[in-house]
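Novice: Please find the sequence and the predicted model below.
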Amino acid sequence: MARAWRTAALAAVIAVLLLLLLPYLWIFLTSFKTRLDALADVPVWVFTPTYDHYPEVFINKGYLPLVWNSIIVAVLSTALSLVVGAPAAYVFARFDFTGREDLFFFFLTTRMAPPISVVVPMFLLFTTLGITDKPIAVILAHTTFNLSLVVWMMRGFFNDIPREIDEAAMMDGHSQLGTFLKILIPLAAPGLAATAVLCFILSWNEFLYAFILVAFEGRTLTVGIPGLITPHGTLWGQVAAVAVVATLPILVFTFIVQRHLVRGLTFGAVKG
Amino acid sequence: MIKRRMGAVLDRGLAPLLLIPSVLLLLLILVGPFLYMVWTAFTDLHYALPGRAGSFVGFDNFRRLMREDQIFWHSFLLTLRFVFWVVVVEFTAGFSLALLLFHFIQRRRLFLTLLLVPMMLAPVAVGLIWKLLLQGDFGMVTYYLRWIGIIDTRTALLSDPALVLLTIIFIDVWQWTPFVTLIMLAGLLSLPREPYEAAIMDGARPLQIFRDVTLPLLRPIIALVLLLRGIDAFKEFDKVFILTGGGPGTATELLSVYTYRVNFKDWDLGYGAVCAFMVYLVVLILCAVFYKAVFWHESRAPARKA
């Protein structure tokens, strides 16, 4: 009886997984299909692969710089968020001051802020400042959500470190700043790394800010995607190739931080 | 000794020193634009019409929103419907899957890893994938749905006004159900054992245990999942933008898609600021509910000084 239940459950879970994974498999396959196979009336599962789409779209159509832009934006936004956010998280974890929780709530609201609302005035301000279409515009925009993610996640990681360690370090003659930099940061390094990867993913995947704030030179990979879809004659092989390049590295990263993902996605509310 | 004294001087101002950069940065990139948006909402700024350089017009834009703009309220209701169904279906399906994994499957690491795939994809890429799958003349899913007979040969899910909202809801469910599963499973795994042992001693049946022990214990996590998904769904833009652009007609014009249109297609920025403000307002309210429901108790506990 219990055995039968287990088998049924396993079958159900596998069915769900197929449903979740087949769409991705399909776009992956499409990126290696000839135009004829991609547009066939009856879905083609087995075919002779072509490797033309990747060089065609990334080299001949010039999508390679978009990959580079995405990397620059994601790396710099992550770095900025960590450098500014980790010390703030430490203060939230170790100091008591009036208004601390209200300030913390403020950080939460910035994480949740709807991009469409922020980007409208940001576009006007950045146009005035003349920094639209430059990576810095998107880096700053992505910092609006990454900074508070760092503060929320790192506060949890610092809280996990027993205060006795701080006290011992101070007894040894470290200043408080020294304790933070030389003792706590190394101890929280795995958490810091996981937070960094998560920031990178969020920035890499982001579309709306980048779409509004950069138009030509500064475009990121996600911004390049809509331009490939035309009402007639969309080259699906090339579209699929861009989609694969935009997603595969992220999936690899996801598996690296899987252990910390639950915490990152719930603002540290669930430890996972 | 001198070094130590320097350290002590630095330490006195340490908390503000470490905290202020983050606050300043957020003021600069978030509060600044927010205030500018509020100001713009009181002007007639328009990039596409001559003579609308942004002079003060009082509450005209707000009045227009309340009295004249039916499309806005259509979008608003549409968004609420979208959020409601997305949250209900994702929660039911995701929680069920979490229970299956929790009770019947011991070695679930690989399952969980694979489960993560849809939700880690860029939403734009998700939109793209489903646009390909749902193409009317050669889409893979379209083909099999017709083959089974669920839709007839003329129907295309993304251009049929009656089915398109349902399709968008399904795609969001496809992407985010795993999120619910992941969080709920983490919640189930974190539950203490004692209440269960006591319930079994009392002779409670499995369904009773689920209702009287599991659900109450999971309440904070359930609140968290519902609110996080609700807030996120309310902000939905990327997938719909790629899949339908809000169409056909205004059948899928969610609030953020409408706000996008007013601002960046009509260039009616004064009025667009009011729309953006309304989206912000709803999210802020949900955010306050979220904070009260999830974090209030634990974070109000006084922290010791280091």
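Specialist: That came through fine.
Novice: How many residues are close by the residue nearest to A:Val239 when sequence neighbours are not counted?
Specialist: Once flanking residues are discounted, A:Val239 sits nearest to A:Leu228: 4.7 Å by Cβ to Cβ, 6 or more residues apart in numbering or on different chains. All C-beta atoms are positioned from the backbone trio N, CA, C, and that covers glycine. Neighbour count for A:Leu228, taken as other Cβ atoms under 10 Å in any protein chain shown: 19.
Novice: For A:Leu228, list the residues it contacts.
Specialist: Neighbouring residues of A:Leu228 by Cβ atoms under 8 Å, 6 or more residues apart in numbering or on different chains: A:Val57, A:Thr234, A:Leu235, A:Gln238, A:Val239, A:Val242.
Novice: got a pLDDT number for it?
Specialist: If you check A:Leu228, the pLDDT there is 87.
Novice: how about it, phi and psi?
Specialist: Backbone dihedrals for A:Leu228, given as degrees, to the nearest 10, come out at phi -80, psi -20.
Novice: For it, give its distance to A:Ala168.
Specialist: 58 Å (Cβ to Cβ, to the nearest Å).
Novice: Equivalent analysis for A:Gly99, please.
Specialist: Applying Cβ to Cβ to A:Gly99 and A:Ala168 gives a distance of 30 Å.
Novice: next one: B:Arg261
Specialist: B:Arg261 is 59 Å from A:Ala168, by Cβ to Cβ.
Novice: Those two - which one has more neighbours?
Specialist: Neighbour tally, B:Arg261 and A:Ala168, criterion other Cβ under 10 Å: the higher count belongs to B:Arg261, 19 against 13.
Novice: Could you check how far that one is from chain A?
Specialist: 11 Å (Cβ to the nearest Cβ, to the nearest Å).
Novice: tell me the secondary structure for B:Leu207?
Specialist: helix (DSSP: H, G, I helix; E, B strand; the rest coil).
Novice: pLDDT score for it?
Specialist: 89.
Novice: Point out where chain B drops to low pLDDT.
Specialist: Where chain B drops to pLDDT under 70, the residues are B:1-11, B:295-306.
Novice: State which helix of it is the longest.
Specialist: helix B:70-104 (DSSP state H).
Novice: Toward the C-terminus from that one, list the very next helix or strand.
Specialist: helix B:109-115 (DSSP states H and E).
Novice: Other residues contacting that following helix?
Specialist: With Cβ under 8 Å, 6+ apart, helix B:109-115 has contacts from A:Val13, A:Leu17, A:Leu20, A:Leu21, A:Phe255, A:Gln258, B:Leu101, B:Ile105, B:Pro178, B:Thr181, B:Leu182, B:Leu185.
Novice: Repeat the analysis, applying 10 Å as the threshold.
Specialist: Residues outside helix B:109-115 that contact it (Cβ atoms under 10 Å, 6 or more residues apart in numbering or on different chains) are A:10, A:13-14, A:16-18, A:20-21, A:251, A:254-255, A:258, A:261-262, B:94, B:97, B:100-101, B:105, B:108, B:177-179, B:181-182, B:185-186.
Novice: now that helix, how far from the chain's geometric center?
Specialist: 23 Å (Cα atoms, centre = their mean, to the nearest Å).
Novice: again, but for stretch B:106-113
Specialist: Using Cα atoms, centre = their mean, the offset of stretch B:106-113 from its chain centre is 26 Å.
Novice: CA atoms only for it - export them in CSV, please.
Specialist: Extracted in CSV, the C-alpha atoms of stretch B:106-113 (Å, rounded to 0.1, in the frame of the first residue of the first chain):
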residue,chain,number,x,y,z
GLN,B,106,13.4,10.7,0.2
ARG,B,107,16.1,11.6,-2.2
ARG,B,108,14.7,14.9,-3.6
ARG,B,109,17.9,16.9,-4.2
LEU,B,110,17.9,16.3,-7.9
PHE,B,111,14.2,17.0,-8.2
LEU,B,112,14.6,20.3,-6.4
THR,B,113,17.5,21.3,-8.6
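Novice: from what I can see A:Ala168 touches A:Ile161, true?
Specialist: No - the pair A:Ala168 / A:Ile161 is not scored as a contact, 11.5 Å apart, by Cβ atoms under 10 Å.
Novice: which residues are in contact with both of those two?
Specialist: What both A:Ala168 and A:Ile161 touch, as defined by Cβ under 10 Å, 6+ apart, is the set A:Ile183.
Novice: Quick check: which element contains A:Thr222?
Specialist: Going by DSSP H and E, A:Thr222 is part of helix A:221-224.
Novice: Need the residues that contact that helix.
Specialist: A:57, A:61-63, A:65-71, A:73-74, A:138, A:204-215, A:242-243, A:245-247, B:122-125, B:128, B:238, B:242.
Novice: Export only the CA atoms of it, formatted as PDB.
Specialist: Extracted in PDB, the C-alpha atoms of helix A:221-224 (Å, rounded to 0.1, in the frame of the first residue of the first chain):
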ATOM      1  CA  LEU A 221      21.200  40.900 -23.600                       C
ATOM      2  CA  THR A 222      17.600  40.900 -22.300                       C
ATOM      3  CA  VAL A 223      16.900  44.200 -24.000                       C
ATOM      4  CA  GLY A 224      18.100  42.700 -27.300                       C
END
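Novice: For it, buried residues please.
Specialist: For helix A:221-224, the neighbour count (16 or more other Cβ atoms under 10 Å in any protein chain shown) marks A:Leu221, A:Thr222, A:Val223, A:Gly224 as buried.
Novice: Would you check how far apart the residue lying closest to A:Ala196 once chain neighbours are set aside and B:Thr153 are?
Specialist: Leaving aside its sequence neighbours, A:Ala196 sits nearest to A:Thr78 (Cβ to Cβ, 6+ apart; 5.4 Å). Using Cβ to Cβ, one gets 49 Å for the distance from A:Thr78 to B:Thr153.
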